[in-house]
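1. below: sequence and its predicted model.
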Amino acid sequence: MTESQFSTILKDFKSLESSMVNRIVLREDYIEIQFTTSSVVYKYQRNVDTFDNNLQKVIDSKESVGKFLNNSIKQEELTLIDKIVP
């Protein structure tokens, strides 16, 4: 795949202090999450406009990123659209 086939990266969180989440990539059209327990990357659609700002606040305040993501998924603020298996 070429670079042009992916939507633009808005933010890339690689060094998270999380026991559950290894990496989060915020793209224009979706987000990618890689959990620490697997090499699979999960693609999610945002269902709320405030998700990116809320995630940044959680990271800045050193709150639990895993808990935030779990709550976002349970409250249907994120919808799984694909899994990328390496």
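-> That came through fine.

2. which one is residue 19 nearest to, not counting chain neighbours?
-> In this structure, residue 19 finds its nearest non-sequential neighbour in residue 36, 6.5 Å apart by CB to CB, 6 or more residues apart in numbering. All C-beta spots, glycine's among them, are computed from the backbone N, C-alpha and C.

3. quick one: that neighbour from residue 28, how far?
-> 26 Å (CB to CB, to the nearest Å).

4. neighbour count: these two, which is higher?
-> A direct count of neighbours by other CB atoms under 10 Å for residue 36 and residue 28 places residue 36 higher, at 12 against 9.

5. let me see the contact set for that one.
-> Listed by CB atoms under 8 Å, 6 or more residues apart in numbering, the contact partners of residue 36 are 18, 19, 20, 21, 22.

6. show the buried residues in those residues.
-> With burial judged by 16 or more other CB atoms under 10 Å, the buried subset of the contacts of residue 36 is 18, 21, 22.

7. ok, now how distant is the last one from residue 48?
-> With the distance defined as CB to CB, residue 22 ends up 23 Å from residue 48.

8. before I go, just wanted to say thanks for your time.
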